[in-house]
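A.B. asks: fold the following for me, if possible:
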Amino acid sequence: MQNINGIHQLLVGTETGNVYALDTKSLDMTDFIIYQDTVIQSVPEDLKNAGQVEALAAYQGDESKLLIGFNRGLIVLYDTQTHTVKHTYITGQTLESIHWHADGKKFVSAHNDGSYIVWSVEDNSKPMLSPNIPFGPFPCMPIKKIVWKTTAVRDDELMVFCGGMPRASYGDRFTVSAQRKEQQVVFDFSSKVIDFVTVDEGDGDMEDPSSLVVLCEEELVAIDLRDSKWGAYRLPYFFPIHSSPVTAAFHVADVADAVYDTIERLGEQQHGRRQFASTNQWPIAGGVVDDSALRKDIIVTGHEDGSVKFWTAGSVRMKHLLTVSSAKQFEGFVDPLEAPAEDEEGAEWPPFRKVGLYDPFSDDPRFSVQRVFLDAKTGTLAVGGSAGQTVIFNLADEEKSIPEMSVVDVAIVSEDVNFVWKGHKKLNVEKNLHFTNGYQPLLVVQTDPPASVTSVCVQTELSLVAVGTAYGYALCDYAKKAVIFSKCLLSADELAVHNASAMEGAMTRFKSFKKSIRDSFRRRRRRGADSPSKKSPTPEPDAGSKSSSSPKKQPSPRRVRQDNEDDDEIKPVERAIEARSDFKPTGSSDALPSLVRILYFADTFIASPTAQTPTFWVGTNGGRVIAHLITPPKTSEADEIWSLAQCQLAKEIQLRHGAPVLGLAVVGMDDAVITKSTPGPHRVVICSEEQIKSFSLPALKPGKHKFKLTGLDGSRIRKVQFAKLQSVYDDTKYEHFIILVTNLGEVNAFSVHNFRRYMKATMTKQTDVHGILSTVLTSRGEALYLGSRGCEWQRVAVGAKNFVQPAFKLELPEGCRPPPAAAQSTLSPSFSTSNRNSAISGEQSDAGVMNDTNNSSTLPSDATMDSIRDYTSNGIETVQMQSSSEGVVTITTKVTKTTTHENNGSLVSVEKKQETTTATLSNGNADQKELTSKELGEISNEICKMKKMTTSEEKDAVKVNGNGHDNASE
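C.D. replies: Prediction:
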């Protein structure tokens, strides 16, 4: 950026060696051009071909000084005022970057051999100092960018550069090095460095940088240079969600105030415990976000490295609150917050320091989080992992040391069954652990076999946690650390088939390669045999043949539309859906019909229509819904010993087509999801992958309403959520809906009452499989899904009431924008009117005209005389504009007035009258083709004045004598 001739311009260097200028206000290319042929006239012949422009640097103290660096090592000091070359500097190395010193008497150049050179502006014969290779003498990587800053300490200057690492040892590192007299740190990032800048607090020769902001390919990092250890700031925004890949997500609405405030306070304390962390305020000041209407909603994400992160979800700014590790209590995990402190600078060379939060690597794939659950009232957290482990956390105010973690082993598959687990081993629990205040592990539930946890749910009133896997489910009491109930959903025969198929699928790489080649040759021969030239006519099947005994399924007939039929009369054709097989003998656990998709707790009527008791529901991958009756524990007043809750099978539903159950809820008479004891009748709504259906409770009689989505649309449901949508105008009015996301990327809204579809809209592309599967639906009718390679959340709102939109203001310095009245000017004295007795006088101010809502007219800055008539006020029929050679613009407007005369409600006569108004405006420049914004404002104001005067005259014409009255309108 440089101010040339009073215009702020962006200088652009090109591959041809020329420099062009772009006006930052109009975004148009200006006439300022520096040609390479002009610059290199005074350089030696061997540098006539200087190459492309590699770097540009303008001195802020004297904007006429411009350094132009060419790729082949030529640097030119160019005067933008006189358009002359002052000095030329020959570096002898391929140039990468240049930067001015604050005093304007010297500058530094960086090169591709990892060196930088300091030059004097006046002496171009040789450098001030010999080339410096910071991490030499061995070959080094190029220094892509360099910055030279002065500090508040005399003779203590800051040099910051990107790259320059030894090529052989650390050529693959992404680094930014900062060095002063007695301090040097190499900041090591996990992703490629794009650019960096310093935030300066000084002025003139004393720049005094306070912060270093580094933009990487995957994150933004800010370093506090005022901190003695150069610690990193806590990010208020732009937190890398994908610091570790997101594997699970859970949304919680209306979190209790105490829980929300505790989580927010714990996050601040956690940042302060980092080894190199700055507690100073974020250095970049911009807009002010209005968080007064912030909803206390939290979205919890589980990651591949075993971490669980809490985020604010009640506003546009998705702020990171807290990070909890679910892998700390297992062997093989290294906590980055408790890593051993690094020695002072000099212990290692180069002095690397790992910064940034982006870390896509994991210590153990078994740490990966598969399911998370957070209770909004108590803050209890349950995390299910890939090795069958489920960790229950609770909030604690004090630090705690745990000599040995409590583990509850649950054998879902009985030992009597001949089943051999071929997957990974379970995780071993670490001993002698110390936890700070905050989330502390209370219990570890380990399932056997250690398959991935597919569903988890917590009931805090009874201290129950339910865990589901691909083989069955279990119910435990996390307060008493005991197993209440467990069930395997596969029979002994099905387990044997699955075990055999898993062993058969475990082929060696050599056998798999041979099989793929053999299949390729078979397909090639098959295509040759099926070519059209060799095909024979297919004989008609004989009615008495054996094939007729097992007829093939005929496609369902489609209804053909007639030309004379209306669209409303055509009913959708329902596709025939075949029943799914009960068991697919594949080696994958995801295809098992016993895989638990959903776990749910509710207080409803399951045993009798009069007694409302706690219930536990399970939905499986094979369309099976199992209801359990829970008997709360009883206490003895004598010894106060609590007994365990009892769980027994009560009801079971098997869907006809065996589609996976994705959503389940018990609703009451008002269609609201049951959260506490509510009078009946109740019904359970089941959302499978193909349809929505309900059953009455406790009889489980099918309801009269259902919706077969797959049969009508051909799509399959992927995500389900029951939502309450309020009216925009009245908070007391609301309705309950079922929000669905399909495999086509569409979001649907169905009424809970009769399953009528009220909305169908496209949320994302059909090919965005990752975005669809990562969708999190909220109880407020919102949808969040991962986009852009899983590094950001996209937000969709179904209801208008809970639509989250930006609420902020941008505080600009005083005087940076002209006042609104500056763009509005009065008409020149040459304005006149004809065919009217009263002309527009100067007694009426422009402010009065512009405050009239009927006279508002907005004109674009690029409007011309031909296009201005498209922006005139309503009521003026035609606008004609002519420009004379003397620079005078004549405006002609035609207004048609229609007057109706009525007497006692009867129409007497209709009178039409056309009036013409002319106005002249002095343009001041006869050669100007387009009007300036000032002149357009004058034209707009005068046209508005014409209309206002016409309206006032019509109001006076309405008054007539007698019982008759006139209605005048433009």
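
A.B. asks: in the stretch 151-300 of the chain, where is pLDDT below threshold?
C.D. replies: Residues of the stretch 151-300 of the chain meeting the criterion pLDDT under 70: 292-293.

A.B. asks: now the helices for it?
C.D. replies: Under the criterion DSSP state H, counting those that start in this stretch, helices of the stretch 151-300 of the chain are mapped to 167-170, 257-272.

A.B. asks: could you identify which of the ones you listed is most buried?
C.D. replies: Of all the helices of the stretch 151-300 of the chain, helix 257-272 carries the top mean neighbour count, a mean of 16, counting by mean count of other CB atoms under 10 Å. Placement of C-beta: from N, CA and C, glycine included.

A.B. asks: off-centre distance for that one?
C.D. replies: Its chain's average C-alpha position is 23 Å from that of helix 257-272, according to CA atoms, centre = their mean, to the nearest Å.

A.B. asks: now distance to L490 too, for the helices of the stretch 151-300 of the chain, in a markdown table please.
C.D. replies: Output for the helices of the stretch 151-300 of the chain, formatted as a markdown table (distance: least, CB to CB, whole Å):
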| stretch | distance to L490 |
| --- | --- |
| helix 167-170 | 53 |
| helix 257-272 | 39 |
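
A.B. asks: and the ones you listed: which comes nearest G287?
C.D. replies: helix 257-272 (21.3 Å; CB to CB).

A.B. asks: that closest one - contacts with which helices or strands?
C.D. replies: Judged by 3 or more CB pairs under 8 Å, 6 or more residues apart in numbering; DSSP states H and E, helix 257-272 is in contact with strand 320-325, strand 438-448.

A.B. asks: dump those into CSV; add mean pLDDT and distance to G787 as well.
C.D. replies: CSV is the format used below for those (pLDDT from 0 to 100; distance: least, CB to CB, whole Å):
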stretch, mean pLDDT, distance to G787
strand 320-325, 94, 19
strand 438-448, 94, 29
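
A.B. asks: could I get the ones you listed as TSV with distance to V153?
C.D. replies: Below are these laid out as TSV (distance: least, CB to CB, whole Å):
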stretch	distance to V153
strand 320-325	35
strand 438-448	40
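
A.B. asks: and of those, who's closest to T378?
C.D. replies: strand 438-448 (11.9 Å).

A.B. asks: picking that back up, wait, which of the helices and strands packed on helix 257-272 is closest to N432?
C.D. replies: Per CB to CB, nearest to N432 of the helices and strands packed on helix 257-272: strand 438-448, 13.7 Å.

A.B. asks: and the closest one, what other elements does it pack with?
C.D. replies: helix 257-272, strand 320-325, strand 389-396, strand 400-404, strand 407-411, strand 464-468, strand 472-477.

A.B. asks: apply 7 Å and report the result again.
C.D. replies: strand 389-396, strand 407-411, strand 464-468 (3 or more CB pairs under 7 Å, 6 or more residues apart in numbering; DSSP states H and E).

A.B. asks: hmm, back to that, can you tell which of the helices and strands packed on helix 257-272 is closest to K25?
C.D. replies: Of the helices and strands packed on helix 257-272, nearest to K25 by CB to CB is strand 320-325, at 37.2 Å.

A.B. asks: helix or strand for the closest residue to F333 other than its chain neighbours, which one?
C.D. replies: If the residues on either side of it in the chain are set aside, F333 comes closest to A327, at 4.4 Å by CB to CB, 6 or more residues apart in numbering. Per DSSP states H and E: A327 is located in neither a helix nor a strand.

A.B. asks: about what we covered before: so which of the helices of the stretch 151-300 of the chain is nearest G619?
C.D. replies: Of all the helices of the stretch 151-300 of the chain, helix 257-272 comes closest under CB to CB, at 28.2 Å.

A.B. asks: format the helices and strands packed on helix 257-272 as JSON lines; extra columns: mean neighbour count and distance to S97.
C.D. replies: JSON lines is the format used below for the helices and strands packed on helix 257-272 (neighbours: other CB atoms under 10 Å; distance: least, CB to CB, whole Å):
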{"stretch": "strand 320-325", "mean neighbour count": "21", "distance to S97": "33"}
{"stretch": "strand 438-448", "mean neighbour count": "22", "distance to S97": "45"}
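
A.B. asks: ok, now which ones touch N18?
C.D. replies: For N18, the contacting residues are I33, I34, Y35, Q36, by CB atoms under 7 Å, 6 or more residues apart in numbering.

A.B. asks: now V410
C.D. replies: V445, Q446, T447, D448, A474, V483, S486.

A.B. asks: 8 Å - rerun?
C.D. replies: By CB atoms under 8 Å, 6 or more residues apart in numbering, the residues touching V410 are V445, Q446, T447, D448, V467, A474, C476, V483, S486.

A.B. asks: pretty sure the fourth one contacts D409?
C.D. replies: Right, D448. Yes - contact criterion CB atoms under 8 Å: D448 and D409 qualify, at 6.4 Å.

A.B. asks: give the residue spans of the stretch 601-750 of the chain that score low on pLDDT.
C.D. replies: 635-642.

A.B. asks: likewise the stretch 301-450 of the chain?
C.D. replies: 336-347.

A.B. asks: which parts of the stretch 151-300 of the chain are strands?
C.D. replies: 158-163, 174-179, 184-189, 193-200, 209-216, 220-224, 246-252, 287-289, 298-303 (DSSP state E, counting those that start in this stretch).

A.B. asks: just say which of those strands is most tucked in.
C.D. replies: Of the strands of the stretch 151-300 of the chain, strand 298-303 is the most buried (mean count of other CB under 10 Å), at a mean of 24.

A.B. asks: and the contacts of that one?
C.D. replies: Taking CB under 8 Å, 6+ apart as the rule, strand 298-303 contacts 241, 243-252, 255, 260, 263, 308-313, 318, 321, 326, 368-372, 374, 381, 383, 776, 784, 793.

A.B. asks: show me what counts as buried in stretch 21-32.
C.D. replies: A21, L22, F32 (16 or more other CB atoms under 10 Å).

A.B. asks: list the contacts of the first one.
C.D. replies: Right, the one you point to is A21. Q2, I4, Q9, L10, L11, V12, M29, T30, F32, I33.

A.B. asks: same thing but at 7 Å, please
C.D. replies: A21 neighbours (CB under 7 Å, 6+ apart): I4, Q9, L10, L11, T30, F32.

A.B. asks: per-residue confidence for it?
C.D. replies: A21 is assigned a predicted lDDT (pLDDT) of 92.
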